[in-house]
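Visitor: Give me the fold of what follows.
(2 chains, ligands or ions: 3)
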Amino acid sequence: MDNDYYVCTGCALLCDDIGVEIEGGKLTKVHTACRKGVAFIKGCRHPLDSTVKGERTDVDLAVKEAASILKNAENPLIFGHANSSSGAQKIAIGIARRTNGYIDDTSSFCHGPTVEAIIESKLKTCTLDDVRHKADVLIFWGSDPANSHPRHMSRYSYFPRGKERQRGWEEDRTAITIDVRKSDTAEICGKNGLYQIPVKGDTEFMEALTSALSGKVPKTSYDFDKKRLLELAGILKKAKFGVIFAGLGMIYSLEDFEPLYRFMDKLNSVSSFHLIPMAGHYNMRGFNENLFKETGYINRVKFNGAEVLHGPEYSVVEALRKKEVDAALVIGADPLSSLPRSIVRYLEEIPLITIDPCQTLTSTKADVTIPCALVGVESGGAAIRMDGVEVELKPMVETDRLSDEDVMKRIMEEL
Amino acid sequence: MANVMEIYQLLPKTNCKECGKSTCMAFAVDLLARKFKVEDCAPLVREDKYRENYQKLSEMVTPVGDVTETGLIVHEDKCIGCGNCVVACPVNVAADPTGAGSGKAPTCDRIILKVEDGIVRAMNVQECRRFGENKILCVACIDTCPTKAIEFV
Ligand code: SF4
Ligand code: SF4
Ligand code: SF4
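Guide: Ligands and ions are numbered 1, 2, ... in the order given. Below is the predicted model:
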């Protein structure tokens, strides 16, 4: 991409065609980013200060204090990472290793299983660039990009012209939504584009579609119109390059992935289908991939000397519920507002460190807060897009705040 | 979106001609096209008995800063800057096939729609397919908008 463009870190689409105008070191105009992206790029209303026990300090002291908390802990938790650059994530893994800590993000109840299946080649996938150039059948299953990833349909999936899709969306692409409600995305997919299913009806719908693709009569306990199901199977069969954009709506309602594997296998025996997880935060997928490279696991890891332990018992939820951690470092996340209160309440009882550009609910309860630059706006680095493509980030404006990677580096040095 | 009948129903329906139009219906048509403001109906503003209707009308016919020559209005409060309309607009595709037409940042200044500060802006509206001699009823930007932020009056 042209060097004049920047990358938006507002969501995991990491749009890399953002133009900015700068006056006196401040952003005055942002071109091409969506409203969500612009809000993100323009930064937080309440930047985080460097504090120890509520008192403002310089960063050096806060870093020392953070390191001493981690040193004194037997089982620290290093949590967050979804809004954090790959460089910072890698050092976070190093810190967890050095301190015999737990390391996790929210992916185990999010897109973790999907990303894991893709890394292990259990699900066929493709890049968003493939989607732009080739995809003719798009299925938004339990996902609503019109709200979560505003430029998804305009930039990659539905509307753009691509090498093998030159005639525009009306002729060249078919967009379908499978969801429990008529989302904004469904609205764009048109009258026949929505397959509305009951809550938790995804598995059955998937199995019925698998039957339909095998030429059997598709049955569901909720009596979904068989004719429409067969029609849909027909569309899927005829696809040259199909893509399923799997949202949390679909992932949440699957008890296990077997029906999805069967469905994808069947699909790929009659046509060609790919799956991309609709990761939300800009480097959610990056954390899974970076941890996998280091440990062979995508999340829920505990280091124990040279040993790497992994499993549900090492998840953030279990570790907090069983009160097995005795200090926590939170970076690039706000667990106190995003996780159930009953679980995260324990974070307030233990020494807590927060690293973030902005004040968050979590930072207000932290013993040590260390501000960092807003990645992609004030500092560079790299991140991994929802489709697994690594994207280079560069700063748009200057700042005297340390990058998230530098903050982590400083803590590591103190350890 | 408001229609003429809904607007008409809320007017005094006395055909008083104070606005300069011969009938309230004619005023309704022009109000919908934003050629008039709600306040241009003097009795509606003046007389207490119309107060409720006045209020309703003011909400229904939101004033727009910029009605472009083609009548294209962007409701900025609704627009989320997704760029669907930018990529779908046939004029944009023709003018900038590898930029705006391919979902990327625009690379040419002859396009009609582009996103700035997270909201779509209209320019070069005289190029819009709804305008000029060979005009057609293009709906590409309306149909592709998830929030119905684009309206033609
Ligand atoms: S779609 Fe996501 S990455 Fe793209 S501009 Fe919007 S917020 Fe930024
Ligand atoms: S009506 Fe058609 S030509 Fe005019 S701005 Fe909308 S999409 Fe473009
Ligand atoms: S399609 Fe609608 S919401 Fe999206 S940029 Fe255009 S006007 Fe705004």
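
Visitor: helix/strand/coil for B:P106?
Guide: coil (DSSP: H, G, I helix; E, B strand; the rest coil).

Visitor: repeat for A:S337
Guide: Under three-state DSSP, A:S337 falls in the helix class.

Visitor: for the residue of the stretch 201-350 of chain A found nearest ligand 2, what are its contacts?
Guide: Closest approach between the stretch 201-350 of chain A and ligand 2, counting by C-beta to the nearest ligand atom: A:F245, at 25.1 Å. Every C-beta, even on glycine, is put in place using the N, C-alpha and C of the backbone. Neighbour list for A:F245: A:L138, A:I139, A:F140, A:W141, A:S143, A:P145, A:H152, A:S157, A:L275, A:I276, A:M278 [criterion: C-beta atoms under 8 Å, 6 or more residues apart in numbering or on different chains].

Visitor: Next secondary structure element downstream of the helix or strand containing the second one?
Guide: Meaning A:I139. Here A:I139, judged by DSSP states H and E, is contained in strand A:137-141. Sequence-wise, the next helix or strand downstream of strand A:137-141 (DSSP H and E) is helix A:145-148.

Visitor: what about that next one and chain B, any contact?
Guide: Yes. Applying C-beta under 8 Å from any C-beta of the partner chain, one finds helix A:145-148 in contact with chain B at A:A146, A:N147.

Visitor: If you count neighbours, what's buried in that helix?
Guide: A:P145, A:A146, A:S148 (16 or more other C-beta atoms under 10 Å in any protein chain shown).

Visitor: now that helix, how far from the chain's geometric center?
Guide: Computed by C-alpha atoms, centre = their mean, to the nearest Å, the chain-centroid distance of helix A:145-148 equals 14 Å.

Visitor: What's the mean pLDDT across that helix?
Guide: Averaging pLDDT along helix A:145-148 yields 96.

Visitor: who touches that helix?
Guide: Against helix A:145-148 from outside (C-beta under 8 Å, 6+ apart): A:11, A:152-153, A:157, A:183-185, A:187-188, A:245, A:247, A:278, A:280, B:80, B:82, B:146.

Visitor: which residues does whichever residue of the stretch 101-250 of chain A sits closest to ligand 1 contact?
Guide: Residue nearest to ligand 1 within the stretch 101-250 of chain A: A:R151 (3.6 Å; C-beta to the nearest ligand atom). Applying C-beta under 8 Å, 6+ apart to A:R151 gives the contacts A:L13, A:C15, A:C34, A:G37, B:C82, B:G83, B:G103.

Visitor: And for A:E318, nearest residue in space, chain neighbours not counted?
Guide: A:P312 (6.2 Å; C-beta to C-beta, 6 or more residues apart in numbering or on different chains).

Visitor: so the one you found sits right up against A:R300, yeah?
Guide: Yes. Contact status for A:P312 versus A:R300: in contact at 6.6 Å, counting by C-beta atoms under 8 Å.

Visitor: so where's the chain shaky on pLDDT?
Guide: Just so you know, I chose chain A. Residue ranges of chain A with pLDDT under 70: A:1-3.

Visitor: ah, no, chain B please
Guide: Residues of chain B meeting the criterion pLDDT under 70: B:1-2, B:62-69.

Visitor: Residue numbers of it in contact with ligand 3?
Guide: Residues of chain B found near ligand 3 (C-beta under 6 Å from any ligand atom) are B:74, B:79-85, B:115, B:120, B:144-147, B:149-150.

Visitor: try 8 Å this time
Guide: B:74-75, B:78-86, B:88, B:113, B:115, B:119-120, B:141, B:144-150 (C-beta under 8 Å from any ligand atom).

Visitor: looking at this, B:K78 is in a strand?
Guide: No. Going by three-state DSSP, the assignment for B:K78 is coil, not a strand.

Visitor: Can you tell me the closest non-neighbouring residue to it?
Guide: B:A149 (3.9 Å).

Visitor: circling back to that earlier point, and the two most separated of the contacts of A:R151?
Guide: Farthest pair in the contacts of A:R151 (C-beta to C-beta) is A:G37 and B:G103. Separation: 14.4 Å.

Visitor: my guess is B:A149 meets B:V74, correct?
Guide: Yes. Counting by C-beta under 8 Å, B:V74 is a contact partner of B:A149 at 6.0 Å.

Visitor: got any residues that touch both of the two?
Guide: The contact sets of B:A149 and B:V74 overlap at B:V120 (C-beta under 8 Å, 6+ apart).

Visitor: Over to A:Q196: give its phi and psi.
Guide: phi -90, psi 120 (degrees, to the nearest 10).

Visitor: Please disregard the earlier target; I meant A:P198.
Guide: phi -70, psi 160.

Visitor: Now for it, how many residues are close by?
Guide: 14 (other C-beta atoms under 10 Å in any protein chain shown).

Visitor: who's in contact with it?
Guide: A:V180, A:Y222.

Visitor: again, but for A:E390
Guide: A:S86, A:G286, A:A382, A:A383, A:I384.

Visitor: Relative to B:E116, how far out is it?
Guide: Look at A:E390 and B:E116: by C-beta to C-beta, to the nearest Å, they are 29 Å apart.

Visitor: domain parsing for the chain?
Guide: Since you didn't name a chain, this refers to chain A. Domain assignment of chain A by automatic domain parsing yields the ranges A:45-110+A:282-374+A:400-414, A:112-277.

Visitor: not quite, I wanted chain B
Guide: Following automatic domain parsing, chain B resolves into domains at B:4-60, B:72-152.

Visitor: Quick one: end-to-end length of the last one, please.
Guide: Distances were taken as C-alpha to C-alpha, to the nearest Å; on that basis the terminal residues of domain B:72-152 are 4 Å apart.

Visitor: Just give me how far that domain sits from the chain centre.
Guide: Relative to its chain's centre, domain B:72-152 lies at 13 Å (C-alpha atoms, centre = their mean).

Visitor: So which residues of the stretch 251-400 of chain A form strands?
Guide: Applying DSSP state E, counting those that start in this stretch to the stretch 251-400 of chain A gives strands spanning A:273-277, A:301-304, A:307-310, A:327-331, A:352-356, A:368-371, A:381-384, A:390-393.

Visitor: Any chance of those strands in a markdown table with distance to B:G99 as columns?
Guide: As requested, those are exported to a markdown table (distance: least, C-beta to C-beta, whole Å):
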| stretch | distance to B:G99 |
| --- | --- |
| strand A:273-277 | 24 |
| strand A:301-304 | 43 |
| strand A:307-310 | 46 |
| strand A:327-331 | 37 |
| strand A:352-356 | 35 |
| strand A:368-371 | 37 |
| strand A:381-384 | 24 |
| strand A:390-393 | 19 |
